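[1] this is a predicted model, with the sequence first.
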Amino acid sequence: MSAAAAGAVSLDDVRDAQRMLAGISRVTALEGSRFLSRLVAEPVHLKCENLQRTGSFKLRGAYVRIAGLDAEQRARGVVAASAGNHAQGVALAASLLDVRSTVFMPVGAPLPKVAATLDYGADVRLHGHVVDETLEAAEAYAAATGAVLIHPFDHPDVVAGQGTVGLEVLEQCPEVSTIVVGIGGGGLAAGIATAVQAVRPDVRIVGVQAEDAAAYPPSLAAGRPVALESFGTMADGIQVGKPGDVPFKIIGEHVDEVRTVSEDELSAAVLLCLERAKLVVEPAGAAPVAALLADPDSFGGGPVVAVLSGGNVDPLLVQRILRHGMAAAGRYLSLRLRVTDRPGTLATLLGVLSEADANVLDVSHVRTDPRLGLTEAEVELQLETKGREHCDRVLAALRKAGYTVTA
């Protein structure tokens, strides 16, 4: 593509990418959300890239990048480094283009993501414990073999491919006022901003990062990409320690604002997508929803589109996220209290909880802790509740019945 040589991305590049992807990537659905629309007091739509082939938007950029290689480059094969989404996008894109692919993944990468990458035709090699170490291995492999490194975000062709999401949003929701999109390295946000603001410069673009892996705010303040000293978040799809040079410039010029969201807010967003929208969305993909939940009053002015960038999430992580999300929403209550150790005490306690309409998930009854008195026992409870107000009512009922809650 013409962008590659110049290191920039134009609307024409994104439109070229859209033509190239016809019949390859899906035009994903734009679904309305009544719950979020009521919360924001504006129409809110969800752009479902979690339903894209390979489960995320990454196929778009990977395919455009590999399709742009010449015959000699294709013959050498391609190599990538990823914890999951980019790995699968590169593997499928290379298979569709009959190009050999090698993908380096961290040793601890979720088994379903490793299996999917293998199924899409890649030679998977496990190396390192974080993506930065994995990327070093991929770069060394490229230097040794001549394979072309397919970067997950820092290349104009990749940015142009991701920008096709923005063109689809404009076609599906011409009246859009605000687009909210997660940011890791920045390829998706940069592509969307390039496409959308070239056609509709009045559309507001809001980027969202996990607050524990937010490299863009300090980088934008410094005027250059700055590497974080440490970072970590459940949203592994946007867990990037340093912005890419190509997307950073675009985001600095065309993204109106970059916000951060907490781990609790990410968990609550994943839970909301599952319960209200019936969509499985990974934490990185739910970051825009987390931003809407965190500050709904700041998204007025017209229809809002939140880009759900991916849905590849390990089932074991889903369990933990859902528990965390329910706790953050006040729907789990963990507490300990001391009681007199005599027959019937536990039954009486459970009766109080039943009257308060709390669902008991787990009970631990301890009598042998040296901190306890001779006639005391400690009861630890895990309760399912209906929200924070219900939690307060349960605690009030326990205190009214004479119980002292210790945690």
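    The structure has been received and is ready for your questions.
[2] buried sites along stretch 314-333?
    Neighbour-count burial for stretch 314-333, with 16 or more other CB atoms under 10 Å as criterion, is recorded at 314, 317, 321, 324-333. Where C-beta positions appear, they are placed from N, C-alpha and C, glycine not excepted.
[3] how about the CA coordinates for that stretch, as CSV?
    The C-alpha coordinates for stretch 314-333 follow below in CSV (Å, rounded to 0.1, in the frame of the first residue of the first chain):
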residue,chain,number,x,y,z
ASP,A,314,-9.9,-18.2,28.5
PRO,A,315,-12.9,-19.9,30.1
LEU,A,316,-11.0,-20.1,33.4
LEU,A,317,-10.3,-16.3,33.2
VAL,A,318,-14.0,-15.8,32.5
GLN,A,319,-14.9,-17.4,35.8
ARG,A,320,-12.6,-15.2,37.7
ILE,A,321,-13.6,-12.1,35.8
LEU,A,322,-17.3,-12.8,36.4
ARG,A,323,-16.8,-13.3,40.1
HIS,A,324,-14.7,-10.1,40.3
GLY,A,325,-17.3,-8.2,38.2
MET,A,326,-20.2,-9.4,40.5
ALA,A,327,-18.2,-8.4,43.6
ALA,A,328,-17.5,-5.0,42.0
ALA,A,329,-21.2,-4.6,41.3
GLY,A,330,-22.1,-5.4,44.9
ARG,A,331,-23.5,-8.8,44.1
TYR,A,332,-21.1,-10.8,46.2
LEU,A,333,-20.6,-10.2,49.9
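[4] still on that earlier bit, now, which of the buried residues of stretch 314-333 lie within helices?
    Leu317, Ile321, His324, Gly325, Met326, Ala327, Ala328 (DSSP state H).
[5] check what pLDDT the first one gets.
    Translated: Leu317. Leu317 is assigned a predicted lDDT (pLDDT) of 79.
[6] so Tyr332 bridges to which residues?
    Beta-bridge partners of Tyr332, counted by DSSP bridges, are Glu384.
[7] contacting residues around it?
    Counting by CB atoms under 8 Å, 6 or more residues apart in numbering, Tyr332 makes contact with Arg323, Met326, Leu361, Gln382, Leu383, Glu384, Thr385.
[8] which PyMOL command selects the buried ones in those?
    Here is the PyMOL command that selects the buried residues among those (16+ other CB under 10 Å):
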select buried, resi 326+382+383+385
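[9] where does this protein dip in pLDDT?
    1-7, 367, 370, 372-373, 407 (pLDDT under 70).
[10] which helix runs longest in it?
    Max-length helix for the chain by DSSP H is helix 156-172.
[11] break the protein into its domains for me.
    The record's domain parsing of the chain by automatic domain parsing lists 2-56+155-326, 58-149, 330-405.
[12] ok so, going back, okay if I get the buried residues of stretch 314-333 as JSON lines plus distance to Cys391?
    Below are the buried residues of stretch 314-333 laid out as JSON lines (distance: CB to CB, whole Å):
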{"residue": "Asp314", "distance to Cys391": "29"}
{"residue": "Leu317", "distance to Cys391": "25"}
{"residue": "Ile321", "distance to Cys391": "20"}
{"residue": "His324", "distance to Cys391": "16"}
{"residue": "Gly325", "distance to Cys391": "15"}
{"residue": "Met326", "distance to Cys391": "12"}
{"residue": "Ala327", "distance to Cys391": "10"}
{"residue": "Ala328", "distance to Cys391": "12"}
{"residue": "Ala329", "distance to Cys391": "10"}
{"residue": "Gly330", "distance to Cys391": "5"}
{"residue": "Arg331", "distance to Cys391": "8"}
{"residue": "Tyr332", "distance to Cys391": "9"}
{"residue": "Leu333", "distance to Cys391": "5"}
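[13] pick out the residue closest to the middle of the protein.
    The centre of the chain sits closest to Ala284, judged by CA atoms, centre = their mean, with a distance of 0.7 Å.
[14] OK, contacts around the residue nearest to that one when sequence neighbours are not counted?
    Distances taken as CB to CB, 6 or more residues apart in numbering place Gly237 nearest to Ala284, at 2.9 Å, with adjacent residues excluded. Going by CB under 8 Å, 6+ apart, Gly237 touches 56, 83-85, 182, 184, 282-285, 309-310, 312.
[15] and which of those is nearest Phe104?
    Of all these, Phe104 sits closest to Ala83, with 10.2 Å by CB to CB.
[16] where does the closest one sit: helix, strand or coil?
    Three-state assignment for Ala83 (DSSP: H, G, I helix; E, B strand; the rest coil): coil.
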